[in-house]
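Asker: pasted the sequence and its predicted model underneath.
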Amino acid sequence: MSSTDARTGPGTPADAPADARDDQPTDAPARHTEREVSPPPQVGIVVGGLVAAVALGGLVLVRSGQVPAVLFAIGVAFGLVLFHSRFGFTSAWRQLVAVRQPKALRAHVLMLAVAATLFAPILAGGLAFGDAVPTPSLSPLGFGLVVGSFLFGVGMQLGGSCASGTLFAIGSGQSAILLTLTGFVVGATVGALHFPWWTDELPSFAPVSFADTSLGYLGGWLITMALLGLVLATTYALTRGRRVPDLDQPPAARGWGRALRGSWPLWVGALLLAGLNALTLAVSGGAWGITFAFSLWGSKLLDAVGVDVTSWTYWQDPGNAAKYDLGVLAEKTSVMDLGIIVGALVASAAAGAFVLHRRVPGRLALGAVLGGVLMGYGARIAFGCNIGAYFGGIASFSLHGWVWGVLAIAGTFVGLALRPLFGLANPKPTDSVC
């Protein structure tokens, strides 16, 4: 769902987030490329969203302290950027695989290149605020990574969103994505229960950092830039001599109002997301992540009904146990996820695009839940999602981030084949836009 690629579609409001607007019946007619003007802002909802942001941020500050409150504010900023730029992962890979439309993936390259450039001095010099100690996002190379990232790639296409897209879509009123989030929480919680089997019982290799060279983080940066350059060159090779559908354009405000109301170009989203991720690293000591919170939320719910989740091996790990004890209003990913939802609410209302969808077709609902379960489970056993593993891993010069991305794209092929079973359309080469 988080994508700027697939825009408006019949049967889905023009103001819906990108991937949600793509999830339409397979007999939907072709769409147009003309950019529309944004409708007037929904002032009441904007004010309500701002009040909610202040109230929730204040609650986090009072109960948990300055750092969680700052992270909540950064989450709000992420929600604004994600919605206004419609920056996507799910539809970016769908468009690449289905019709070889590479523009959104090129935005990924820009985002990753800028993030890696910002991460390098922070990690090398220990540059951080307060007591934070910057730590790269490095994870082992094992069966959990391979299977989990593949499952996530499949689930993205069925659920209609990725991890970040799920949150900003909920903030903008996409009721179907509440089903995806429910599946996400279930899958991530079961994944936490099964986590030891994937990591301890199956073969696994130590994390590999490109910074482990004689040049340190400079060497890691050079390797990463070379790989990103290869990806960029490949996108041009894929489209050489071919006609591919262009990207549909979301409505946009006119004049200076566009800065506050959107929509923004993909490259703006790429730059801002990279900067906010680097800020997250400097404030918290770690890169941006999303799906750990889903395991936390699900486990807390089970705990509330009498399930002893703290006896699980996953929650007995000292690091995870400490985060569990922090709770929903203090743990990093949890407060940032809440911030993303609120930020997207404000952004969508400012764009005149907040709409609650009350009717969800049965097949779409089933796909949303199933996709969410696959993504939640896959993210947990693969040490992260499209944000924590792919974005954070590559920006941290970790090989596992690249492995995650390749296998998630492989899962996209399977997801595209399954989408029609749930009444979801795929881009076609004959489309005018995708």
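Answerer: Happy to help now that I have it. Numbers count the residues shown, from 1 in each chain.
Asker: burial of Pro136, as a residue count?
Answerer: Using other C-beta atoms under 10 Å, Pro136 has 21 other residues around it. For every residue, glycine as well, the C-beta is placed using N, CA and C.
Asker: next, it: secondary structure please.
Answerer: Following DSSP: H, G, I helix; E, B strand; the rest coil, we place Pro136 in the coil state.
Asker: what sits against it?
Answerer: Phe119, Leu123, Ser209, Ala211, Ala287, Ser396, Phe397, Ser398 (C-beta atoms under 8 Å, 6 or more residues apart in numbering).
Asker: tell me the spacing between it and Trp197.
Answerer: 26 Å (C-beta to C-beta, to the nearest Å).
Asker: circling back to that earlier point, what's the PyMOL syntax to select whichever of the contacts of Pro136 are buried?
Answerer: Of the contacts of Pro136, the buried ones can be selected in PyMOL as follows, counting by 16 or more other C-beta atoms under 10 Å:
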select buried, resi 119+123+209+211+287+396+397+398
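Asker: the contacts of Pro136 in helices, which ones?
Answerer: The helices, defined by DSSP state H, take in Phe119, Leu123 from those.
Asker: so what pLDDT did Arg359 get?
Answerer: Here, the pLDDT recorded for Arg359 equals 81.
Asker: and for Gln249?
Answerer: Gln249 is given a pLDDT of 87.
Asker: count the residues that sit near it.
Answerer: Gln249 has 18 neighbours, counted by other C-beta under 10 Å.
Asker: confirm it sits in a strand?
Answerer: No. Counting by three-state DSSP, Gln249 is located in no strand; its state is coil.
Asker: wait, isn't it in contact with Arg35?
Answerer: Yes. The pair Gln249 / Arg35 is scored as a contact, 4.1 Å apart, by C-beta atoms under 8 Å.
Asker: below-threshold pLDDT in the chain: ranges please.
Answerer: Residues of the chain meeting the criterion pLDDT under 70: 1-34.
Asker: center of it, which residue is that?
Answerer: Nearest residue to the geometric centre of the chain (C-alpha atoms, centre = their mean): Ser164, 2.8 Å.
Asker: alpha carbons of the helix or strand where that residue lies, as PDB, please.
Answerer: Assessed by DSSP states H and E, Ser164 sits inside helix 163-171. Provided in PDB are the C-alpha atoms of helix 163-171 (Å, rounded to 0.1, in the frame of the first residue of the first chain):
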ATOM      1  CA  ALA A 163       4.600  -2.800   7.000                       C
ATOM      2  CA  SER A 164       4.900   1.000   6.600                       C
ATOM      3  CA  GLY A 165       2.000   1.100   4.100                       C
ATOM      4  CA  THR A 166      -0.300  -0.800   6.600                       C
ATOM      5  CA  LEU A 167       0.200   2.000   9.100                       C
ATOM      6  CA  PHE A 168      -0.200   5.000   6.900                       C
ATOM      7  CA  ALA A 169      -3.200   3.400   5.100                       C
ATOM      8  CA  ILE A 170      -5.000   2.900   8.500                       C
ATOM      9  CA  GLY A 171      -4.200   6.500   9.300                       C
END
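Asker: and it, what does it pack against?
Answerer: The contact analysis (3 or more C-beta pairs under 8 Å, 6 or more residues apart in numbering; DSSP states H and E) places helix 163-171 against helix 18-22, helix 66-85, helix 176-196, helix 332-350, helix 362-381.
Asker: let's see that with 7 Å instead.
Answerer: If you count contacts as 3 or more C-beta pairs under 7 Å, 6 or more residues apart in numbering; DSSP states H and E, helix 163-171 packs onto helix 66-85, helix 176-196, helix 332-350.
Asker: what comes into contact with the longest one?
Answerer: The contact list for helix 176-196 (C-beta atoms under 7 Å, 6 or more residues apart in numbering) reads 1, 20, 159-161, 166, 169-170, 291, 294-295, 297-299, 302, 312-314, 357, 360, 364-365, 368-377, 379-381.
Asker: and the helix or strand that that helix is followed by, how far out from the chain's middle?
Answerer: As assigned by DSSP H and E, the chain's next helix or strand after helix 176-196 is strand 204-205. Per C-alpha atoms, centre = their mean, to the nearest Å, the displacement of strand 204-205 from the mean C-alpha position of its chain is 26 Å.
Asker: can you list the strands that strand 204-205 pairs with?
Answerer: Take DSSP bridges as the rule and strand 204-205 pairs in its sheet with strand 141-142 (antiparallel).
Asker: and the very next helix or strand once past the partner strand, what's buried?
Answerer: Using DSSP H and E, the helix or strand that follows strand 141-142 in sequence is helix 143-159. Of the residues in helix 143-159, 143-159 count as buried by neighbour count, 16+ other C-beta under 10 Å.
Asker: how far out from the middle of the chain is stretch 263-271?
Answerer: 15 Å.
Asker: rewinding a little: could you check the angle helix 143-159 makes with the helix holding Ser164?
Answerer: Between helix 163-171 and helix 143-159, the angle comes out at 30 degrees (axes from the mean of the first three to the mean of the last three C-alpha atoms, to 10 degrees).
Asker: what is the neighbour count of the closest residue in space to Leu218 that isn't next to it in sequence?
Answerer: Nearest residue to Leu218, sequence neighbours excluded (C-beta to C-beta, 6 or more residues apart in numbering): Ala120, at 7.2 Å. By the criterion of other C-beta under 10 Å, Ala120 has 22 neighbours.
Asker: begin at 24, not 1, for the rest of this chat.
Answerer: Yes, from this point I'll number from 24; that puts the last item at Ala143.
Asker: so Ala143 sits right up against Leu245, yeah?
Answerer: No. Assessed by C-beta atoms under 7 Å, Ala143 is found out of contact with Leu245, at 9.9 Å.
Asker: coming back round to it: just the buried ones from the contacts of helix 199-219?
Answerer: Buried, going by 16+ other C-beta under 10 Å: 24, 43, 182-184, 189, 192-193, 314, 317-318, 320-322, 335, 337, 383, 387, 391-400, 402-404, out of these.
Asker: sorry, back to before: could you measure from the residue nearest to Leu241 over to Gly243?
Answerer: 7 Å.
Asker: contacts only, for Arg265.
Answerer: By C-beta under 7 Å, 6+ apart, Arg265 lies in contact with Arg123.
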